[in-house]
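Novice: Take this sequence and fold it.
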Amino acid sequence: MLQQRNLTFFFLWLSVSIAESPEARYSAPVGALNLRQHEAFDVDNELNDLLAPIPDASYTRNRKTSPPDSDCFPGTREDVIAGITGWADSPVLFSIRVPRVYWTHGYVGCGKSSISQAVSQKYGRKGRLLASFFFYRNSGDRSRMIKFAVTLASQMVAAIPSTGKFVKAAVKADPALLTREVSLATQLEQLVYKPLIAVLKRGLIFKTLFNGPFLVVIDGLDECEDKDDVREFIEHLLDFFKRYPLIPLRFFVTSRVEQHIKESLDVKDVRLDDLVAHGSDEDILIFLEASFLLRSQRDPVIAAYTQTHGQWPTRLDMETLAHHIGGSFIFASALFKYIVGYSDDGLTPMTRLPLTLNMNPGLDGLYTFTLARSQHLPHFSYLISTIALLFEPLPITGIAALLGLQTFEVLHILVNLQAIIHIPGTDELPLTFCHTSFRDFLTTERRSGAFFAPPSHHLHLAYRGFLLKDKQRPGSAVALYNNTYCAEHIEQFLLLNPDVPTPVPLIPLVFDVLFITILTKSRDTPHFSDIISTLALLHEPLAIATIAELLGVEPSDFSAVLVYLRAIVDEPGIYSEVPVILGCLQDFLISESRSGIFFVSDSYHLKLSYYCLNINLGSSPKHATVAQYSKRHCQRHWDDWLNSIPEQDIMTELEQLSRPPSHSPLPYHIFLFIQIFSWLFRDDFDFDPTPQQALEAHDKCIESLALALEYDPAPSIWLQMSFRQLGLCGFMKSGLALRGRLGPSSLLQSPLHPEFCPLLGNPWLEDWTPIMVYKVKFLTMIL
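Specialist: Numbering: from 1, shown residues only. Below is the predicted model:
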């Protein structure tokens, strides 16, 4: 009797409260509860196009391409799920004190998304799942609230077709509901809550009495970037349940414990469940036993080992491993993948198992250990920083196109990282992380250290996007990404420096701020000035080891400078043959008005010419490319220097040229001797040194030659090398040069004139040798 009275009271209350609620009234006519099937189908299709929901936000998404790829392993988390289903199945009428919101929280990797997936599947099969939304950081709209309401509404219409008419009426009455011109609370109220109430009022309420209330599953709420909207959603949801305490609806929410969520959900109207409090070592052990057993049946290496040595891993091994894992399912999954997965390290699963026990417990240790396996590869830091800072996943081909790499170069790095990164079956599907905590790791410097993805890399991605703007294939993944997110990468960079004007200034100004910021941090590293100047003025790009040999520095010192610059310069690796490309940084460095104290003057070409001659005089360089470069560009660097300074300053700058401590004095003096001589006889009729200049140059030339002979008691090799062999060419004809510079009378009319015949007979000065120059100098001194 009491139960019947309560039912009667409930129906009266619900009908009156909904009827009297001004929010629940619609101007559109109300249709019947059970729409004809074809009518519902037409409305749903039209409405779906109108709402444009996120297609891969629900539990039915393809988890391989739209993570998280999570599900409860059979036989695990049974007590946790039983507690959730007991709450979700409690009758509305007889459990008025039961909270309508259930919040499960826990640390990264403890299985929250797996539980959300299992709960969604369970109630989806029962026909009681109203909607599900799986947030995932840096996945475009799935990491925002911008389409949250329309996606829930679309799923609700699919679950309860009779709500479609009311959703459509709301949109027609106020088209702004599909934009951000209205608040999130208004969107949820008009597109989700009111249509549901309208259908409940017309008879669906009876069905819920027997089947149980509807359920909405929200997973990973902490991964939504719009924190203010998250607060608004929670506050409006709790207010809605205060206004309609008997509505047959439940919300199941999972997240990490973050302040903006905790302060809203940690209230008496919400049931709290700390997932960490549910011991999971036994569940981890179940997972490991089943996974290793299945793998041993498929892996011939493991099968052969077990035939000889018995069970592998042993029960003790798995118990030790489970204890080491410490309750984290994502850590357990990643460790398992590392132990049995493919890699090019040459290790067997049996060898890798004990190595995992030496990893630091937790995901950070796993991430560090795994990343270190590819750290030596070309473009590693470039690629890792990029995938960490992308606003939504790109396929491997898209990443390669964005970075200007080949697809195989990207895959070569990723193949060792499969324990922490999902590599799709084809190069056209998006590359995703096994868990979003990996992105948190890469973007938190105190955790990732050498693997840190600096925020300044956002600008490099924007720059690459601008470079590709006119070259990319329309409609390709990278084209769509650049069109959507290029400006956002710039805006993220602008957040680093509040002095830069907003919203988006001219691109060169933004780059200049970035370059100055990064160069300032690295300017105190050894050889910084020489390395940066060389990179800016090289006539063709060279690899790290090649440039290091040219400058006479250690490759590790060179690489140490590039580590600081990796947000703007690709660091291929010390032993890679891939050249270092400065890109837009080169234009910055050679523009004094932009670079200021980091300006690289053309006067540095003098040093580069000297470095090239030093290589040309060497016996056998370690790298063939440095020898080729030095022969091709020694004279070019010299000419670039000559053309950059006034003639009256030439001797002064030559006097100030210093040699690196690692270089022998011999090539330094040979360089001065040959270059001063070539300067005096250059192929330029406009060049006419004053007598004083000519005298100073003549004296310095003789002095340098004498010092070179002094440092080399057996100079036969370099004395017989032609200027062409030394990398110097492009001089004027020798006879014309001598007549123009020495005069037509005294020298050519002297008794010693025949001594000059062999010299004058050699048509090009670049074919001369230092010994021939020595004879000219000696004879001119006599005369």
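
Novice: make it CA atoms for all contacts and neighbour counts henceforth
Specialist: Noted.

Novice: Spell out the residue ranges of the helices in the stretch 151-300 of the chain.
Specialist: Secondary structure of the stretch 151-300 of the chain, counting by DSSP state H, counting those that start in this stretch: helices at 164-173, 184-188, 194-199, 205-211, 227-243, 259-265, 281-298, 300-309.

Novice: all strands of the stretch 301-450 of the chain, in order?
Specialist: 421-422, 432-433 (DSSP state E, counting those that start in this stretch).

Novice: Which other helices and strands does the first one contact?
Specialist: Pointing back at strand 421-422 there. strand 432-433 (3 or more CA pairs under 8 Å, 6 or more residues apart in numbering; DSSP states H and E).

Novice: isn't residue 394 right up against residue 478?
Specialist: Yes. Counting by CA atoms under 8 Å, residue 478 is a contact partner of residue 394 at 7.2 Å.

Novice: Show the contacting residues for the nearest residue to residue 423 once chain neighbours are set aside.
Specialist: Leaving out its chain neighbours, the residue that sits closest to residue 423 by CA to CA, 6 or more residues apart in numbering is residue 431, at 5.8 Å. Residue 431 sits next to 65, 393-396, 421-424 when contact means CA atoms under 8 Å, 6 or more residues apart in numbering.

Novice: And residue 111, by the same measure?
Specialist: 70, 72, 328-330.

Novice: go with 6 Å
Specialist: Neighbour list for residue 111: residue 329 [criterion: CA atoms under 6 Å, 6 or more residues apart in numbering].

Novice: same thing with residue 110?
Specialist: Counting by CA under 6 Å, 6+ apart, residue 110 touches 328-329.

Novice: in the stretch 51-200 of the chain, which spans are strands?
Specialist: Counting by DSSP E, counting those that start in this stretch, the strands of the stretch 51-200 of the chain are 101-105, 129-134.

Novice: Next, give phi and psi for the residue nearest to residue 423.
Specialist: Note on residue 431: backbone dihedrals following degrees, to the nearest 10 are phi -90, psi 130.

Novice: quick one on the thing from earlier: highest average neighbour count across the helices of the stretch 151-300 of the chain?
Specialist: Of these, the one with the most neighbours on average (mean count of other CA atoms under 10 Å) is helix 194-199, at a mean of 23.

Novice: Which among the contacts of residue 431 count as buried?
Specialist: 65, 393-396, 421-423 (16 or more other CA atoms under 10 Å).

Novice: Make JSON lines from those and add distance to residue 699 and pLDDT to it.
Specialist: Listed next are the buried ones among the contacts of residue 431 as JSON lines, based on distance: CA to CA, whole Å; pLDDT from 0 to 100:
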{"residue": "65", "distance to residue 699": "75", "pLDDT": "80"}
{"residue": "393", "distance to residue 699": "67", "pLDDT": "87"}
{"residue": "394", "distance to residue 699": "65", "pLDDT": "89"}
{"residue": "395", "distance to residue 699": "66", "pLDDT": "89"}
{"residue": "396", "distance to residue 699": "63", "pLDDT": "88"}
{"residue": "421", "distance to residue 699": "67", "pLDDT": "82"}
{"residue": "422", "distance to residue 699": "70", "pLDDT": "76"}
{"residue": "423", "distance to residue 699": "68", "pLDDT": "75"}
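
Novice: Need phi/psi at the residue nearest to residue 533 when sequence neighbours are not counted.
Specialist: Among residues not flanking residue 533 along the chain, residue 600 sits closest, at 5.6 Å (CA to CA, 6+ apart). Per-residue torsions, residue 600: phi -100, psi 110 (degrees, to the nearest 10).

Novice: likewise the one 4 residues further on?
Specialist: Residue 604 has phi and psi values of phi -70, psi -20 when expressed as degrees, to the nearest 10.

Novice: I'd like the strands of the stretch 51-200 of the chain laid out as CSV, including mean neighbour count, mean pLDDT and distance to residue 540.
Specialist: Rendered in CSV, the data for the strands of the stretch 51-200 of the chain read as follows (neighbours: other CA atoms under 10 Å; pLDDT from 0 to 100; distance: least, CA to CA, whole Å):
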stretch, mean neighbour count, mean pLDDT, distance to residue 540
strand 101-105, 23, 93, 56
strand 129-134, 26, 96, 49
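
Novice: so which of those strands gets nearest residue 254?
Specialist: Residue 254 lies closest to strand 101-105 among the strands of the stretch 51-200 of the chain, at 4.8 Å (CA to CA).

Novice: Can you give the strand pairings for the closest one, parallel or anti for each?
Specialist: strand 249-255 (parallel), strand 270-274 (parallel) (DSSP bridges).

Novice: For the first one, the averaged confidence score.
Specialist: The pLDDT scores in strand 249-255 average 95.

Novice: Check the last one too.
Specialist: Strand 270-274 shows a mean pLDDT of 91.

Novice: can you pull the buried residues of that strand?
Specialist: 270-273.

Novice: quick one: which of the strands paired with strand 101-105 is nearest residue 536?
Specialist: Once the strands paired with strand 101-105 are compared by CA to CA, strand 249-255 is nearest, at 48.7 Å.

Novice: Would you convert the contacts of residue 431 into a markdown table that also reports distance to residue 451?
Specialist: As requested, these are arranged in a markdown table below (distance: CA to CA, whole Å):
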| residue | distance to residue 451 |
| --- | --- |
| 65 | 25 |
| 393 | 19 |
| 394 | 20 |
| 395 | 22 |
| 396 | 20 |
| 421 | 15 |
| 422 | 19 |
| 423 | 20 |
| 424 | 23 |
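
Novice: coming back round to it: will you turn the strands paired with strand 101-105 into JSON lines that also has distance to residue 148?
Specialist: Formatted as JSON lines, the strands paired with strand 101-105 follow (distance: least, CA to CA, whole Å):
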{"stretch": "strand 249-255", "distance to residue 148": "14"}
{"stretch": "strand 270-274", "distance to residue 148": "21"}
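
Novice: Let me know which of those strands is the nearest to residue 373.
Specialist: Of the strands paired with strand 101-105, nearest to residue 373 by CA to CA is strand 249-255, at 31.5 Å.

Novice: That closest one relative to strand 129-134, how many degrees between them?
Specialist: Taking axes from the mean of the first three to the mean of the last three CA atoms, to 10 degrees, one finds that strand 249-255 is oriented at 20 degrees with respect to strand 129-134.

Novice: ok and strand 249-255 relative to helix 227-243, angle-wise?
Specialist: Going by the same axes, to 10 degrees, strand 249-255 makes 150 degrees with helix 227-243.

Novice: Just the CA trace of strand 249-255, in CSV.
Specialist: Backbone C-alpha positions of strand 249-255 (Å, rounded to 0.1, in the frame of the first residue of the first chain) are rendered in CSV as follows:
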residue,chain,number,x,y,z
LEU,A,249,19.2,9.8,-15.2
ARG,A,250,22.7,9.1,-13.9
PHE,A,251,26.1,10.5,-14.8
PHE,A,252,29.3,8.4,-14.4
VAL,A,253,32.5,10.6,-14.6
THR,A,254,36.1,9.6,-14.4
SER,A,255,39.2,11.8,-14.2
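
Novice: what about the stretch 651-783 of the chain, any weak spots by pLDDT?
Specialist: For the stretch 651-783 of the chain, the stretches flagged by pLDDT under 70 are 662, 680-691, 693, 698, 713-783.

Novice: no, scratch that, I was asking about the stretch 1-150 of the chain
Specialist: 1-44, 93-96, 108-109.

Novice: tell me the helices in it, going along the chain?
Specialist: 2-20, 37-51, 78-88, 112-126, 148-159.

Novice: list the buried ones in the third one?
Specialist: Translated: helix 78-88. In helix 78-88, counting by 16+ other CA under 10 Å, buried: 81, 84, 87-88.

Novice: May I have that helix as PDB, with CA atoms only?
Specialist: Extracted C-alpha coordinates of helix 78-88, given in PDB (Å, rounded to 0.1, in the frame of the first residue of the first chain):
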ATOM      1  CA  GLU A  78      35.100  -7.000 -11.300                       C
ATOM      2  CA  ASP A  79      34.500  -5.500  -7.800                       C
ATOM      3  CA  VAL A  80      34.900  -1.900  -9.100                       C
ATOM      4  CA  ILE A  81      32.400  -2.500 -11.900                       C
ATOM      5  CA  ALA A  82      30.000  -4.200  -9.500                       C
ATOM      6  CA  GLY A  83      29.900  -1.100  -7.300                       C
ATOM      7  CA  ILE A  84      29.200   1.100 -10.300                       C
ATOM      8  CA  THR A  85      26.400  -1.100 -11.700                       C
ATOM      9  CA  GLY A  86      24.800  -1.300  -8.200                       C
ATOM     10  CA  TRP A  87      24.600   2.500  -8.100                       C
ATOM     11  CA  ALA A  88      23.500   2.800 -11.800                       C
END
